[in-house]
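1. Fold the stuff below for me.
(one chain, ligands or ions: 3)
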Amino acid sequence: MIGNCRGFHSIPIIDVQKLRDSGSTLDERKRVGFELDRACREVGFFYVRNHGICDDLTTRVREMSRRWFDLPADVKAQIALTADCKQKGFRGYQALGSNVTRYDGGFQRDWHEAIDLYKHFDESHPAVMAGLPLHGPNPWPTQIDGHREALETYVQECISLGADLLRGIALGLQLDEDFFGGSNAGDPFWVMRIIHYPPLELSAAPSGSESTFAALMGEEVERSVQLSCGEHTDYGLLTIVNQDENVSALQVKNSAGKWVAADPIPGTFVCNIGDMFKVWTNGLYQPTMHRVINISSAKRRISVPFFYEPNFNTRVEPLSQLCGSEPPRYPGITYGDHLQSKVFQNFEI
Ligand SMILES: N=C(N)NCCCC[C@H](N)C(=O)O
Ligand SMILES: O=C(O)CCC(=O)C(=O)O
Ligand SMILES: [Fe+2]
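-> Residues are numbered from 1 along each chain as shown. Ligands and ions are numbered 1, 2, ... in the order given. Here you go, the predicted structure:
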């Protein structure tokens, strides 16, 4: 079952209506699961259509966030991630260049500003009182009327969509339909990033932006070239990306090292699988490298990825039914530990 064919050149679009419709039959859901399984094995990315989240909410979340990023720096700084972020659960606003992507020994500053939110815990929650890493209250943005409410509604919608997509993926893997419920990911330690990518200035370009763009679509990018978000895989289970409809910026790497654009398709979300799938499926599903480069237009870009993750304490181990006769290829890991090892490296502030 291993031996993924990942020389993809496009990203499949999957109609997930039968996963959302409470009147669907198991066979109908299995058919969607079969398509999701193929996309996860061959690409690691897919678009979902007929996903059931109202376009009006999806758009409102981006538009209100765009207005929030237009606020003066000192207002945005009211919810800034500061040097004590480790104690405060790494939630809040990060200015341009404070989020970094690491690569063998070095790091590069990502050219975006963002608000990071996670599953919310009140100050009085026992996990917060006990000082558990990454647990804490969210500093919700409140300056734009209705923004917080829209974000909170959107989180609930994404949790519901994510849970249904994971039921389909479980069927595609021939697991129990509820495998990703309960103590595995039934209480997801979700993350939401609200991101503003200003257009990159290619002043360092050797000869005009057209040739630089062509070079950037090739295999290697010079470290000196500023990226909107450096190449990475996502840390958890399933990412659901709500992106602006008029900017091309998200790119996905295939096995030949070529970048495939994950351009916006109205009415859909781009979804991708994270590191935990690699472990649970013993490598059958590999998280796909991706990055963001906003240079193809002079426009700025808003995107709001929602990360549906396992429970914080979930122990993730290769499933024996997916190992076959092979020994496990990956050691077991606790999701919260993996998340910490990543997030603690993400900031230079
Ligand atoms: N919670 C998640 N998955 N966040 C993904 C952020 C990716 C960007 C980060 N600079 C990095 O290098 O990973
Ligand atoms: O903005 C995007 O399209 C994706 C951002 C991303 O990959 C991430 O935040 O993990
Ligand atoms: Fe990502």
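
2. what helix or strand is the closest residue to Gln174 other than its chain neighbours on?
-> Leaving aside its chain neighbours, Gln174 sits nearest to Gln321 (7.6 Å; criterion: CB to CB, 6 or more residues apart in numbering). C-beta coordinates here come from the backbone N, C-alpha and C atoms, glycine included. Using DSSP states H and E, Gln321 maps to helix 320-323.

3. Show me what the mean pLDDT comes to for the helix or strand following that helix.
-> Going down the chain from helix 320-323, the next helix or strand is strand 333-334, by DSSP H and E. Per-residue pLDDT over strand 333-334 has a mean of 98.

4. Can you tell me the strand partners of strand 333-334 and which way each runs?
-> Here strand 333-334 is paired, per DSSP bridges, with strand 315-316 (antiparallel).

5. what's the neighbour count on Phe179?
-> Here the number of neighbours of Phe179 (other CB atoms under 10 Å) works out to 18.

6. How about it: what's its closest non-neighbour residue?
-> Ala170 (4.2 Å).

7. and the residue nearest to Gln174, how many neighbours?
-> By other CB under 10 Å, neighbour count at Gln321 equals 10.

8. any idea how far it lies from Ile169?
-> Gln321 sits 15 Å away from Ile169, going by CB to CB, to the nearest Å.

9. what helix or strand does Ser183 sit in?
-> Using DSSP H and E, Ser183 maps to helix 182-185.

10. any residues touching that helix, and which ones?
-> With CB atoms under 8 Å, 6 or more residues apart in numbering as the test, helix 182-185 has contacts from 166, 237, 308-311, 314.

11. Can you give the distance of the helix or strand the residue nearest to Phe179 falls within from its chain's centre?
-> Secondary-structure element containing Ala170, defined by DSSP H and E: helix 147-172. Relative to the chain's own centre, helix 147-172 is displaced by 13 Å; criterion: CA atoms, centre = their mean, to the nearest Å.

12. mind listing what's buried in that helix?
-> For helix 147-172, burial by neighbour count (16 or more other CB atoms under 10 Å) applies to 147, 150-151, 153-155, 157-159, 161-172.

13. got it, and stretch 294-302?
-> 294-296, 301-302.

14. again with stretch 38-46
-> Using 16+ other CB under 10 Å as the test for burial, stretch 38-46 gives 39-46.

15. now, which of the residues you listed sits nearest Ala249?
-> Phe45 (14.4 Å; CB to CB).

16. Hmm, Gly274 and that closest one touching each other?
-> No: judged on CB atoms under 8 Å, Phe45 makes no contact with Gly274 at a distance of 11.4 Å.

17. Which of the three states applies to Gln340?
-> helix (DSSP: H, G, I helix; E, B strand; the rest coil).

18. How about the secondary structure of Pro305?
-> strand.

19. Residues in a beta bridge with the nearest residue to it once chain neighbours are set aside, which ones?
-> Once flanking residues are discounted, Pro305 sits nearest to Val241: 4.7 Å by CB to CB, 6+ apart. When bridges are called by DSSP bridges, Val241 pairs up with Val270, Pro305.

20. roughly how far apart are Val241 and Leu71?
-> 24 Å.

21. out of these two, which sits in the busier spot?
-> Taking neighbours as other CB under 10 Å, Val241 and Leu71 compare with Val241 leading, 22 against 14.

22. list the contacts for the more buried one?
-> Per CB under 8 Å, 6+ apart, neighbours of Val241: 250, 262, 269-272, 303-306.

23. pLDDT below threshold where in the stretch 51-200 of the chain?
-> Applying pLDDT under 70 to the stretch 51-200 of the chain flags no residue at all.

24. Pull up the residues of it that are close to ligand 1.
-> 99-101, 110, 191 (CB under 6 Å from any ligand atom).

25. tell me the secondary structure for the residue nearest the centre of the chain?
-> The chain has Thr239 as the residue nearest its centroid, 3.8 Å off, counting by CA atoms, centre = their mean. The local conformation at Thr239, judged by three-state DSSP, is strand.

26. Is it in contact with Phe307, as I believe?
-> Yes: in this structure, Thr239 is within contact of Phe307 by CB under 8 Å, at 5.2 Å.

27. what's the overlap in contacts for these two?
-> Gly274.

28. mind checking how far the residue found closest to Ala249 once you drop the neighbours it is linked to in the chain is from Gly267?
-> Of all residues beyond its chain neighbours, the one nearest Ala249 is Asn294 (4.3 Å), with distances taken as CB to CB, 6+ apart. Asn294 sits 22 Å away from Gly267 when distances are taken as CB to CB.

29. Also Leu284?
-> For Leu284, the distance to Gly267 - CB to CB - is 30 Å.

30. Next: Lys299.
-> Counting by CB to CB, the gap from Lys299 to Gly267 is 20 Å.

31. And Phe90, by the same measure?
-> Counting by CB to CB, the gap from Phe90 to Gly267 is 33 Å.

32. what about those two, which has more around it?
-> Of the pair Phe90 and Gly267, Phe90 is the one with more neighbours under other CB under 10 Å, namely 21 against 13.

33. So for whatever residue of the stretch 101-250 of the chain ends up closest to ligand 2, what's the pLDDT?
-> Minimum separation of the stretch 101-250 of the chain from ligand 2 (CB to the nearest ligand atom) falls at Leu250, amounting to 3.8 Å. With respect to pLDDT, Leu250 scores 98.
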